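In: Just the structure for this:
(chains A and B)
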Amino acid sequence: MRGANAALGTAGLAVFLALGEVAPRLGLVKEAYFPPTSRIADALGQEATDGAFWTALGDTLTGWALGLVAAVVGGVVVGLVLSVVPYLRDATASTIEFLRPIPSVALIPLAVLLYGTELRSVLLLVVYASFWQVLVQVLYGVRDVDPVAEETARSYGLGAWARTRHVLWPTALPYVMTGVRLAAAVALILAVTAELVIGAPGLGARIAVAQSSQAVPDLYALVVVTGLLGLLINLGARAVERRALAWHQSVRGEVAV
Amino acid sequence: MRRLLAGLAVGTFLVAASACGSSDDSGTSDKGTSSGGTTTVKVGIIPIVDVAPLYLGQKKGFYGKRGLKLSMTTAQGGAAIVPGVVSGQFQFGFSNMTSLMIARSQNVPVKAVANGVASTGLAGKDFGAITVKKGSALTSAKDLEGKKVAVNTLKNINETAVRESVRKAGGDPSKVKFVELAFDQMPAALDGGRIDAAMVVEPALATVRSQGGTEIASSLVDVAKDLTVAMYFTSTQYEQKNPDVVKRFQEATAESLAYADAHPDEVRSIVTSYTKIPAAVLAKVTLPKWPAEPNRASIEALEMLGEQDGLFKSAPDLDELLP
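Out: Numbering: from 1, shown residues only, chains lettered A, B, ... in the order given. Below you'll find the model as predicted:
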């Protein structure tokens, strides 16, 4: 079954690439704006031989990784603290609902003023966008704790730390992992956007240069790179999720009994 | 949109500046980082042909021999450059004259220090032009009445220039419908018929030409003879605190501009180091002029037109703005 799926997936991609090659050559779309697949692949090959490309890739990944780590750590810590202290949760709920919908890109002017085109500008946007993904999942996850399990743990005399460790955290973890997966994707989007708009070094800035240089195949090649990056990040996040939750079904099964 | 961001940015800055003074690292970055007698200054630029003299001057050692090292920071458009310079993230920046005058008229403390780039002054042979698609019925700027014309930023230098071309051709600029579009998107929009004309600059101009598009007016030439299009600037605060660095930057830039003007081949080759303009396009690009000194008369003409079009709240004082 898995093999068949993989074969179908590959075939689909091959058809897509072939269409990309044929359509511009037949004149269905303008070659100047939609270069054939082979020319994009060519441009991609040239990028790969350019040291500046790898530096840009490194810059983007650095912004992504640092931002994601900060957002995940911040989201989990703040989420747990808010959940555990009921007053705090009530006091912050409306503030969170107010701040959360602010699109991260709206903070671009602020980022420019504070940090110019440095990495810190990228981090500001990435952390702001990804933090909420994690925080909200943590809040939902904690709310999902089975009250019977919680009461049982209490009556067995487990302290706050032990209950967090053995009851709350295992329940919340699947939510947290979902949050991390979403945050990983959002972080990449924001990192590239920040580079593209602000001009902070990275793949986004390189796309901007290709764009203003009228270097269309290079532009597409770089877009393909960001796409591949997104794919890898998603695959990685799923792998991490599977590992972290390998125990999940069995544990929840026992709790439910 | 970009104007909105820029406005928001400048506004935010003014609030921030009055509320809490300058941020912690503006104190240290004021002088740039010095090591071994060399001062490193950050320059906010747009990665286009216009700034080639800086790269060339750096390579030729014009800055080095004056104890300066340029750290070029590329930004997407002027929206990030003016606030970046004013907040001390960059010591110098590159911006078009209209943007600088608008900033000055809104009391944003910018000070032009060195010439940036100028029009070639030759109609039909400039680096910017109003272009129309191949076979278009529009043949002069007067025909633009009632038509959709793309400029990269509304209410800025290129809109002023197009208006002046229309006026000079005997048309009424208030009847032109301006739309905002990035230079690099103009050739496709023109070709696809989404706009009737576009005010493009290189390298998009070369792309339009390669598609058979034609020029109907050289707008930058229409504004004034040898128009000073853009300049390098700093913040008044930085200028007052570091007159020596500013002076060295001025001298080195003047030398670089003169060198670039005299060596177009070297310009074309250095452009490939910081842009991705394809070689075939680059060969056809019309280079701008790089006079060492700004042309005050042309800036006054630009200011007058800007005032006429209502770009400024109050007319900027050129004595305060210009070096």
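In: C-alpha only now, for contacts and for neighbours.
Out: Noted.
In: nearest residue to A:R206 other than its sequence neighbours?
Out: Spatially, and ignoring its direct neighbours in sequence, A:R206 is nearest to A:A56 (7.3 Å; Cα to Cα, 6 or more residues apart in numbering or on different chains).
In: nope, A:V216 is what I was after
Out: A:Y33 (6.6 Å).
In: Kindly indicate whether that neighbour is helix, strand or coil.
Out: Following DSSP: H, G, I helix; E, B strand; the rest coil, the label given to A:Y33 is coil.
In: backbone phi and psi for it, please?
Out: Main-chain dihedrals, A:Y33, degrees, to the nearest 10: phi -110, psi -30.
In: I'd like the next helix or strand past the host helix or strand of the residue nearest to A:R206.
Out: Per DSSP states H and E: A:A56 is located in helix A:51-84. Beyond helix A:51-84 in the direction of the C-terminus, DSSP H and E gives the next helix or strand as helix A:86-99.
In: Tell me how many other residues surround the residue nearest to B:A258 when sequence neighbours are not counted.
Out: Excluding its sequence neighbours, the residue lying closest to B:A258 (Cα to Cα, 6+ apart) is B:A292, at 5.9 Å. When counting by other Cα atoms under 10 Å in any protein chain shown, one arrives at 21 neighbours for B:A292.
In: And the pLDDT at A:R252?
Out: If you check A:R252, the pLDDT there is 46.
In: Equivalent analysis for A:L245, please.
Out: 85.
In: pretty sure it is touching A:Y175, no?
Out: No: contact criterion Cα atoms under 8 Å: A:L245 and A:Y175 do not qualify, at 10.5 Å.
In: of those two, who's got more company?
Out: More neighbours surround A:Y175 than the other of A:L245 and A:Y175, with 22 against 14 (other Cα under 10 Å).
In: which residues does the residue in the stretch 201-323 of chain B that chain A sits nearest to contact?
Out: Nearest to chain A, among the residues of the stretch 201-323 of chain B, is B:I277, at 4.4 Å (Cα to the nearest Cα). For B:I277, the contact set (Cα atoms under 8 Å, 6 or more residues apart in numbering or on different chains) comprises A:210, A:213-215, B:203, B:271.
In: same thing with B:A52?
Out: Contact partners of B:A52, counting by Cα under 8 Å, 6+ apart, are B:260, B:267, B:270-271.
In: just B:N152 next, same as before
Out: By Cα under 8 Å, 6+ apart, the neighbours of B:N152 are B:158, B:180-183, B:199-200.
In: quick check, nearest of those residues to B:T207?
Out: Using Cα to Cα, B:V200 comes nearest to B:T207 of the contacts of B:N152, at 9.9 Å.
In: Three-state assignment for the closest one, please.
Out: strand.
In: in the sheet, who's paired with it?
Out: Counting by DSSP bridges, B:V200 is bridged to B:A129.
In: where's it relative to A:S212, distance?
Out: According to Cα to Cα, to the nearest Å, B:V200 and A:S212 sit 12 Å apart.
In: Near chain A, which residues of the stretch 151-300 of chain B are found?
Out: B:183-184, B:188, B:203-204, B:207, B:275-278 (Cα under 8 Å from any Cα of the partner chain).
In: Any chance of these in CSV with pLDDT and secondary structure as columns?
Out: Listed next are these as CSV, based on pLDDT from 0 to 100; DSSP: H, G, I helix; E, B strand; the rest coil:
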residue, pLDDT, secondary structure
B:F183, 90, helix
B:D184, 88, helix
B:A188, 90, helix
B:P203, 90, coil
B:A204, 91, helix
B:T207, 90, helix
B:T275, 90, coil
B:K276, 89, coil
B:I277, 90, coil
B:P278, 88, coil
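In: Show me the two of the residues you listed that sit farthest apart.
Out: So, those by Cα to Cα: farthest apart are B:A188 and B:T275, at 20.1 Å.
In: doesn't B:V113 make contact with B:L322?
Out: Yes: at 6.8 Å, B:L322 counts as touching B:V113 under the criterion of Cα under 8 Å.
In: Just want to know which of the two has more residues nearby.
Out: Under the criterion of other Cα under 10 Å, the comparison of B:L322 against B:V113 puts B:V113 first, with 23 against 19.
In: I'd like the contacts of B:I277 as CSV, with distance to B:F249, neighbour count and secondary structure appended.
Out: Listed next are the contacts of B:I277 as CSV, based on distance: Cα to Cα, whole Å; neighbours: other Cα atoms under 10 Å in any protein chain shown; DSSP: H, G, I helix; E, B strand; the rest coil:
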residue, distance to B:F249, neighbour count, secondary structure
A:A210, 29, 24, helix
A:S213, 27, 27, coil
A:Q214, 31, 27, coil
A:A215, 32, 22, coil
B:P203, 28, 25, coil
B:V271, 21, 21, helix
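In: out of those, which one sits closest to B:G37?
Out: Nearest member of those to B:G37, counting by Cα to Cα, is B:V271, at 28.9 Å.
In: Could I get the CA-only coordinates of the helix or strand hosting B:E215 as CSV?
Out: Using DSSP H and E, B:E215 sits within strand B:214-217. Output in CSV follows, covering the C-alpha atoms of strand B:214-217 (Å, rounded to 0.1, in the frame of the first residue of the first chain):
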residue,chain,number,x,y,z
THR,B,214,8.6,51.5,-26.8
GLU,B,215,9.3,54.7,-24.9
ILE,B,216,6.9,57.6,-25.2
ALA,B,217,8.7,60.0,-22.9
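In: Listing partners with orientation, what would you give for that strand?
Out: strand B:128-132 (antiparallel).
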